[in-house]
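> Build me a model from this:
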Amino acid sequence: MAERGFAFEIAIIGGSDMLLQGFIKRPTKDVDVVAVVIDGDLRSPKPLPAELVTAARDVGRAYGLGDGWLNAGPSDLFDFGLPDGFFGRCETHTYRGLTVHAAGRYDLIALKLFASTDVLRMDIDDLRAMSPTPDELLEVAVWVLAHKLRRFRFDVVFLLEQLGVDDAEHRVP
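Model prediction:
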């Protein structure tokens, strides 16, 4: 990107973040971008900037990573709200034209606990790898429960609208 005259800042979570910070040793297949940083503020990663996508695609092809190795898959976490103070706890790494803000340990614990509640995901091993204390788990559980409730409400409102309930967003408590 630097050679192309571009510079981007992204915030990442997930296995690649854990690998970068030394919490795990296993390889991951992708980098989960939870936000882009514009003028010092976190913004939704959807859509990822076209120049970033193009550069990532070129890197993916050069290293056999595939086109989706850098993705905004966890953008719903940004939409529903990251833990308070998320950006301030990030660990920052700069690679020429790319600055990566990796979620801090506290936030990874919260996000992995959240992901572990999904029966289709296997994030509990990553959570255990960080050896969270009971106090840390109880503290992040507050965010996890609030996040799950917001997400569940969104899903219910969506279903009600699909079933013909007018203005469900404002009618559901």
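
> where along this protein do the helices fall?
15-20, 50-63, 75-80, 86-89, 105-116, 124-129, 134-162, 168-171 (DSSP state H).

> Compare those and give me the one nearest residue 39.
With C-beta to C-beta, the closest approach to residue 39 among the helices of the chain belongs to helix 86-89: 12.7 Å. Heads up, the C-betas are built off the backbone N, CA and C, glycines and all.

> If you count contacts, what does that closest one end up packed against?
helix 105-116 (3 or more C-beta pairs under 8 Å, 6 or more residues apart in numbering; DSSP states H and E).

> want to throw the helices of the chain into CSV with distance to residue 5 and mean pLDDT?
Shown next, in CSV, are the helices of the chain (distance: least, C-beta to C-beta, whole Å; pLDDT from 0 to 100):
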stretch, distance to residue 5, mean pLDDT
helix 15-20, 26, 95
helix 50-63, 9, 94
helix 75-80, 26, 92
helix 86-89, 26, 98
helix 105-116, 32, 94
helix 124-129, 36, 91
helix 134-162, 38, 93
helix 168-171, 42, 92
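
> any chance of these in CSV, plus mean neighbour count and distance to residue 32?
What follows is the helices of the chain, written out as CSV (neighbours: other C-beta atoms under 10 Å; distance: least, C-beta to C-beta, whole Å):
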stretch, mean neighbour count, distance to residue 32
helix 15-20, 21, 7
helix 50-63, 14, 13
helix 75-80, 17, 9
helix 86-89, 16, 14
helix 105-116, 23, 10
helix 124-129, 16, 12
helix 134-162, 14, 16
helix 168-171, 11, 28
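
> Residue 8: which of those is closest?
Nearest to residue 8, of the helices of the chain and by C-beta to C-beta, is helix 50-63 at 5.0 Å.

> now the helices of the chain as JSON lines including distance to residue 96?
Formatted as JSON lines, those follow (distance: least, C-beta to C-beta, whole Å):
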{"stretch": "helix 15-20", "distance to residue 96": "16"}
{"stretch": "helix 50-63", "distance to residue 96": "11"}
{"stretch": "helix 75-80", "distance to residue 96": "25"}
{"stretch": "helix 86-89", "distance to residue 96": "22"}
{"stretch": "helix 105-116", "distance to residue 96": "25"}
{"stretch": "helix 124-129", "distance to residue 96": "29"}
{"stretch": "helix 134-162", "distance to residue 96": "34"}
{"stretch": "helix 168-171", "distance to residue 96": "44"}
